[in-house]
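[1] Structure for the following, please:
(chains A, B and C)
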Amino acid sequence: MYKVIDFSLEETLECGQCFRFEKLEDNKYLVVANSKVIIIKQEGNELIFENIEDEKDEKVWKNYFDLDRDYKKIKDELSSTDKVLTDAINYKPGIRLLKQDVWECLISFIISQNKQIPHIKQVIKNISEAFGTNIGTYNDKVYYSFPTIEQLSKATEDQIRACKAGFRAPYIIDACAKINSGQIDIYNLESMETIKAKEELLKIKGVGNKISDCVALFSLSKHEVFPTDVWIKRVMEYFYMKEEAELKDIQKFAREQFGDYAGFAQQYLFYYARDKKIGKK
DNA sequence: GACCAGGGTAACT
DNA sequence: AGTTACCATGGT
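    Take a look at the predicted model:
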């Protein structure tokens, strides 16, 4: 059990950064990550892990939920920049940026392109069931870990297509080939400069600016990047640019406006825009 | 049935 | 170097 502040389990899981969770009840979730299934619930400012084994495990999940970071400081600093962002922060003040595994995060966001979140979750589940490891049962349902690099590298393009990945299947094959061969060392990216890490990720087919930004933010702790998807584009044009803007101009603006915490700002704005359907018609 | 989704590639000017 | 069709699949 932990005391948590500036944290909402629901907001953190539902804000679109991760895909392997199920809502069991209000403020109670099943999460699949770190090759484990955990049941976690929040009661006020208490966070309760129902099936955690030892202290080492606790550390892993504390790290996963980014519980040691001072979010009040981040939110205060971001709130001082402008009113729009203040509104977005106050709308979902309990969001935290998860620390996700870089391999799973990369493949997940390759799958995400041009897809809605429920579909993304389904395809990742299909792939895990097809190639991952049985990691336990809950409510008579069997859960599978996200496949390792080795496991997924055994898959054929047709098998991945069968998981409903569609045209993204060859991209996943390419990622497996480049990573399993050692050509790209994704577990070394965190120690690199953001630009260098992105360069490496961009070598993979189907990985462009947005997906590499998501990996950088959600698993490499590169908190200054500003992943710009359709929703972020809309919210930025609607509130800040006041006209249609190009990707590079939006990202440049965001870095100047939000500074080194641009990635956090992005996540508050994303949830806000998507929930309120900002700029959509 | 048209349109869109946490985009990116390749084939065009 | 800048635009544009197209890529599978499911929801609205």
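
[2] from the chain's centre, how far out does the strand or helix carrying residue A:235 sit?
    Using DSSP states H and E, residue A:235 maps to helix A:230-236. Distance of helix A:230-236 from its chain centroid, counting by CA atoms, centre = their mean, to the nearest Å, is 17 Å.

[3] what residues does chain A put near DNA strand B?
    By CB under 7 Å from any atom of the strand, the residues of chain A that approach DNA strand B are A:15-17, A:109, A:112-117, A:119-120, A:167, A:205-212, A:214, A:227-232, A:266-267, A:270, A:274, A:280. For the C-beta atoms, the positions are set from N, CA and C on the backbone; glycine is no exception.

[4] Just the buried subset of the residues you listed, written out for ChimeraX, thanks.
    Entered in ChimeraX, the line below selects the buried ones among those, by 16 or more other CB atoms under 10 Å:
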select /A:15,16,17,109,112,113,115,120,205,206,207,209,210,211,212,214,227,228,229,231,232,266,267,270,274
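
[5] So which of the residues of chain A next to DNA strand B sit within helices?
    Mapping the residues of chain A next to DNA strand B onto helices (DSSP state H) picks out A:109, A:112, A:117, A:119-120, A:209-212, A:214, A:230-232, A:266-267, A:270, A:274.

[6] what about residue A:82, how many neighbours?
    When neighbours are counted by other CB atoms under 10 Å, residue A:82 registers 15.

[7] which non-adjacent residue is nearest it?
    Spatially, and ignoring its direct neighbours in sequence, residue A:82 is nearest to residue A:257 (7.1 Å; CB to CB, 6 or more residues apart in numbering).

[8] Can the helix or strand harbouring that neighbour be said to contact DNA strand C?
    Per DSSP H and E, residue A:257 falls inside helix A:247-258. No. Interface with DNA strand C: helix A:247-258 contributes nothing (CB under 7 Å from any atom of the strand), its closest point being 9.3 Å away.

[9] Check the average confidence over that helix, would you?
    Averaging pLDDT along helix A:247-258 gives 95.

[10] Just checking the distance from it to the centre of its chain.
    Taking CA atoms, centre = their mean, the mean C-alpha location of helix A:247-258 is offset from the chain mean by 20 Å.

[11] Kindly format the C-alpha coordinates of that helix as PDB.
    In PDB, the C-alpha atoms belonging to helix A:247-258 read as follows (Å, rounded to 0.1, in the frame of the first residue of the first chain):
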ATOM      1  CA  LEU A 247       4.000  19.500 -37.700                       C
ATOM      2  CA  LYS A 248       7.400  21.000 -37.300                       C
ATOM      3  CA  ASP A 249       5.900  24.400 -36.500                       C
ATOM      4  CA  ILE A 250       3.600  22.900 -33.800                       C
ATOM      5  CA  GLN A 251       6.500  21.100 -32.200                       C
ATOM      6  CA  LYS A 252       8.700  24.100 -32.300                       C
ATOM      7  CA  PHE A 253       6.000  26.200 -30.700                       C
ATOM      8  CA  ALA A 254       5.400  23.600 -28.100                       C
ATOM      9  CA  ARG A 255       9.000  23.400 -27.100                       C
ATOM     10  CA  GLU A 256       9.200  27.200 -26.700                       C
ATOM     11  CA  GLN A 257       5.800  27.400 -24.900                       C
ATOM     12  CA  PHE A 258       6.100  24.500 -22.600                       C
END
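
[12] where does the stretch 151-281 of chain A have low pLDDT?
    Residues of the stretch 151-281 of chain A meeting the criterion pLDDT under 70: A:281.

[13] same for the helix holding residue A:257, what does it pack against?
    Under the contact criterion of 3 or more CB pairs under 8 Å, 6 or more residues apart in numbering; DSSP states H and E, helix A:247-258 touches helix A:230-236, helix A:262-276.

[14] nearest to residue A:1, of the ones you listed?
    helix A:262-276 (26.1 Å; CB to CB).

[15] Which of the three states applies to the nearest residue to residue A:69 once chain neighbours are set aside?
    Leaving aside its sequence neighbours, residue A:69 sits nearest to residue A:96 (CB to CB, 6+ apart; 7.3 Å). The three-state label for residue A:96, taken from DSSP: H, G, I helix; E, B strand; the rest coil, comes out as coil.

[16] Can you add distance to residue A:102 and give the helices and strands packed on helix A:247-258 back as CSV?
    As requested, the helices and strands packed on helix A:247-258 are exported to CSV (distance: least, CB to CB, whole Å):
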stretch, distance to residue A:102
helix A:230-236, 22
helix A:262-276, 15
